[in-house]
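Chemist: With the input below, show me the fold.
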Amino acid sequence: MVTVEAPNRRSDDRFRFSPAYTRVVVIPSARSAGGSATRSAVSHIIEDLDLTGFDDGLGTPEGGLEGHGYDISSTGMRFELDEALAAGTEVAIELYPPAEQVPIRIRGTVVRVFSCDDDPGPRRMAVQFTGFDSPKDRERLARRIEARACCWPE
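Modeler: Okay, here's the model as predicted:
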C-alpha cells in the first residue's frame with residue numbers, strides 16, 4: 001500500500017454519516033441559475049427559496065427528490081439522488097440525522113456532479129451550503145458534527 005501525503009484543500013473537515021441510511025430530501029429551485037448567474041443573482045434566488053413545502057413526517061414534498069447522504073461538513077455535503085442535478089442548481093435540503101424525526105433544513109448550490117462513467121448507479125453530487133432555514137438548524141448541525149463520536153463514525 002502506498003501512502004500519499006497531500007494537503008487538505010477543504011475549508012472544514014468532513015465527517016462520514018453512519019453506515020445506516022441517512023435520508024435527504026432535495027428540492028431544486030424552479031428559478032435555478034444553472035451556474036450562470038452572478039453572485040448577487042444567486043443570493044436573490046436563495047432568499048426566495050420557499051421551504052414551506054417541507055414536512056416533519058416521512059412524506060416527500062412536491063417536487064422533492066429523495067436520496068441519502070455520504071458525508072457532511074459545516075459548509076457542504078455529499079449525497080446521491082436517482083436523478084442528476086446540474087452544477088449551479090440552487091436547492092433546499094432536508095437532512096434527517098440518524099435517530100431524529102425532525103430534519104435540519106439547509107439551502108445550497110450544487111457544486112459537483114460525479115461522472116456516471118466513474119460512478120455507476122444513482123448520481124452522487126456535492127452541495128455547498130449557502131444558508132440555513134433558521135439559526136436553530138445551523139446549531140443542530142454544528143452540535144451533531146461536534147458530537148460525531150455518538151452520531152457519525154470518526
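Chemist: so Arg107 sits right up against Ala92, yeah?
Modeler: Yes. The pair Arg107 / Ala92 is scored as a contact, 5.5 Å apart, by CB atoms under 8 Å. All C-beta atoms are positioned from the backbone trio N, CA, C, and that covers glycine.
Chemist: Show me what counts as buried in stretch 91-102.
Modeler: For stretch 91-102, a neighbour-count test (16 or more other CB atoms under 10 Å) marks Val91, Ala92, Ile93, Glu94, Leu95, Tyr96, Pro97 as buried.
Chemist: Out of those residues, the closest to Gly131 would be?
Modeler: Ranked by distance to Gly131 (CB to CB), the buried residues of stretch 91-102 are led by Ala92 at 9.7 Å.
Chemist: and the particular helix or strand that has the closest one in it, what does it pack onto?
Modeler: Element membership for Ala92, per DSSP states H and E: strand 90-95. Applying 3 or more CB pairs under 8 Å, 6 or more residues apart in numbering; DSSP states H and E, we find strand 90-95 packed against strand 23-28, helix 39-48, strand 104-113, strand 123-132.
Chemist: Beta-bridge partners for Leu95, please?
Modeler: Beta-bridge partners of Leu95, counted by DSSP bridges, are Val24, Ile104.
Chemist: Settle this for me: Val111 is touching Arg78, isn't it.
Modeler: No. Here Val111 does not reach Arg78: they are 10.2 Å apart, not a contact under CB under 8 Å.
Chemist: shared neighbours of the two, anything?
Modeler: Ala126, Val127 (CB atoms under 8 Å, 6 or more residues apart in numbering).
Chemist: Look at the two and report which has more neighbours.
Modeler: Arg78 (18 against 14; other CB atoms under 10 Å).
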